[in-house]
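Colleague: structure here, sequence nowhere to be found:
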């Protein structure tokens, strides 16, 4: 029988795999956040805040004054 020398496994470097795992996890979570941002509905009914340089609001419209004929028809 021939004597075989014991072969020890090569020392594995774990840091590159750990760093790659962290980056893969961040990419996975980032894509999940991006998908959630696109899927979750936003409140479309909310009015935007008024701007400081915006034009003043238009006055409220009131009903036109009644004519003499309309006033007479309502009285009588």
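Modeller: Now that the structure is in, tell me what you want to look at. Treat the numbers as computed from the prediction; the structure is a model and nothing was measured. Numbers count the residues shown, from 1 in each chain.

Colleague: what about this structure, any weak spots by pLDDT?
Modeller: Within the chain, the stretches with pLDDT under 70 are 1-9, 46-50, 53-57.

Colleague: apply 80 and report the result again.
Modeller: Within the chain, the ranges that satisfy pLDDT under 80 run 1-13, 43-61, 76.

Colleague: so where's the longest helix in it?
Modeller: Across the chain, the longest stretch assigned as helix under DSSP state H is helix 15-39.

Colleague: quick one: buried residues of whichever helix or strand comes after that helix?
Modeller: Tracing the chain C-terminally past helix 15-39 and defining elements by DSSP states H and E, one meets helix 68-75 next. Judged by neighbour count (16 or more other Cβ atoms under 10 Å), helix 68-75 contains no buried residues. Yep, even glycine has a C-beta here, placed from its N, CA and C like the rest.

Colleague: so which elements touch helix 68-75?
Modeller: Contacting helix 68-75 under the criterion 3 or more Cβ pairs under 8 Å, 6 or more residues apart in numbering; DSSP states H and E is no other helix or strand.

Colleague: contacts for it?
Modeller: Here helix 68-75 makes contact (Cβ atoms under 8 Å, 6 or more residues apart in numbering) with residue 66.

Colleague: that one: how far from the chain's middle?
Modeller: Its chain's C-alpha centre and that of helix 68-75 lie 58 Å apart, by Cα atoms, centre = their mean, to the nearest Å.

Colleague: please report how far the residue nearest the centre of the chain lies from residue 31.
Modeller: Compute the mean C-alpha point of the chain, and by Cα atoms, centre = their mean the closest residue is residue 37, 4.3 Å away. Taking Cβ to Cβ, to the nearest Å as the measure, residue 37 falls 11 Å from residue 31.

Colleague: what does residue 10 give?
Modeller: As judged by Cβ to Cβ, residue 10 and residue 31 stand 35 Å apart.

Colleague: comparing those two, which residue is more hemmed in?
Modeller: Taking other Cβ atoms under 10 Å, residue 10 and residue 31 do not tie; residue 31 has more neighbours (10 against 6).
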